[in-house]
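one predicted model, sequence on top.
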Number of protein chains: 2
Amino acid sequence: METTTAYSTAEALEMLCALSQESRLDIFRLLVQSGPDGLAAGAIARHCHLPAPTCSFHLKELKKGGLLRCCRHGRSQIYTVNLQGIRDLLDYLTEHCCTDHCDHEATNGADGREPEAVD
Amino acid sequence: METTTAYSTAEALEMLCALSQESRLDIFRLLVQSGPDGLAAGAIARHCHLPAPTCSFHLKELKKGGLLRCCRHGRSQIYTVNLQGIRDLLDYLTEHCCTDHCDHEATNGADGREPEAVD
DNA sequence: TATTTATTTCAATACTATTGGAAATATGGA
DNA sequence: TCCATATTTCCAATAGTATTGAAATAAATA
């Protein structure tokens, strides 16, 4: 495992796009709960109350974003979360969107601060 | 750390929607870099190569999602990142989308649950 | 091969988001 | 007050995303 987490903004954006939809966030959370064994497409559709084609569309988007994996098992397609994917997204957000002055519990807790014009 | 951050899925979703757009991710990252002093709307538009109305639209979306704050300073509107907002999103993702078997630091969580196929 | 079950692709439609010019609003200063 | 600057709102055009029934594909089994 050589995870350098040199995650590009483009890749992070694609992941954010994948997760930023209600049904897809539902599906993703369901699969996180389901653990490494994953779930078949049909079971996911039933759980999330989605018609099969709608569910299939969202699964494809999540897979495209690198958040899911799938493999065939008999007649079923078993979907599982790609753990490294969500970790990479968290790392990206921590690194690029939450740096130094935004370092967890570092600075003063309250929001109050007097901003000054820049530029 | 005393705050429980009971961030709802609906709120997390709104934040994900706010961040999952190229211009908005650009703006957000720019403001993270700019630190607590923030930047005026005009400066943000120039930095991100956006016409003023387009930039204003995106700033409003980010603010709606709880990722930015703004306050007037003379003729300028100064935008700053809402640190608690992005922290809450990270906490939500860690808690709901990256649990046990997706342990960041390979720590065996206090609740170790058996991952099993759900229905 | 024909049948059943599981899932995806297609295609039409509906919906939501993005864009940017023009006009409106807000502020500071002469 | 009038003018210049800073930003937002309005609005209409365009672009992109979501939804789902019907058809197609895939695999197991008789």
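On my side now, so go ahead. Residues are numbered from 1 along each chain as shown, chains lettered A, B, ... in the order given.

my read is residue A:79 is in a helix, agree?
No: the assignment for residue A:79 is strand, going by DSSP: H, G, I helix; E, B strand; the rest coil, so no helix is present there.

any idea how many residues pack against it?
Residue A:79 is flanked by 25 other residues according to other CB atoms under 10 Å in any protein chain shown. To be clear about C-beta, it is placed using only N, CA and C from the backbone, and glycine gets the same treatment.

ok, it - contacts?
By CB atoms under 8 Å, 6 or more residues apart in numbering or on different chains, residue A:79 lies in contact with A:31, A:38-41, A:44, A:59, A:63, A:68-70.

what pairs with it across the strands?
For residue A:79, the residues forming beta bridges with it (DSSP bridges) are residue A:39, residue A:70.

how many neighbours does residue A:88 have?
Using other CB under 10 Å, residue A:88 has 20 other residues around it.

now it: which helix or strand?
Here residue A:88 is covered by helix A:83-97, with elements defined by DSSP states H and E.

and the contacts of residue A:79, which is closest to residue A:78?
Minimum separation from residue A:78 among the contacts of residue A:79 (CB to CB) is found for residue A:38, which lies at 4.7 Å.

show me what contacts that closest one?
Applying CB under 8 Å, 6+ apart, we find residue A:38 in contact with A:31, A:70, A:78-81, B:117.

widest-spaced pair of these?
Pairwise across the contacts of residue A:38, and taking CB to CB, the largest span is found between A:70 and B:117, at 14.6 Å.

so which of those two has more stuff around it?
The residue with more neighbours, out of residue A:70 and residue B:117, is residue A:70; 18 against 12, by other CB under 10 Å.

what's the separation between the more buried one and residue A:40?
From residue A:70 across to residue A:40, the span is 10 Å (CB to CB, to the nearest Å).

if I look at these two, which residues touch both of them?
Between them, residue A:70 and residue A:40 share these contacting residues under CB under 8 Å, 6+ apart: A:77-79.

hang on, the earlier thing: which helices and strands does the helix holding residue A:88 pack with?
helix A:9-19, helix B:22-34, helix B:83-97 (3 or more CB pairs under 8 Å, 6 or more residues apart in numbering or on different chains; DSSP states H and E).

include distance to DNA strand C and mean pLDDT when you put these into TSV, please.
Output for those, formatted as TSV (distance: least, CB to the nearest atom of the strand, whole Å; pLDDT from 0 to 100):
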stretch	distance to DNA strand C	mean pLDDT
helix A:9-19	9	97
helix B:22-34	5	98
helix B:83-97	17	94
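
residue A:17: how many residues sit nearby?
Other residues lying near residue A:17 total 19 when counted by other CB under 10 Å.

please apply the same query to residue A:53.
9.

now do the host helix or strand of it against helix A:83-97, angle only.
Counting by DSSP H and E, the element that carries residue A:53 is helix A:52-64. Note on geometry: by axes from the mean of the first three to the mean of the last three CA atoms, to 10 degrees, helix A:52-64 and helix A:83-97 are set 60 degrees apart in direction.
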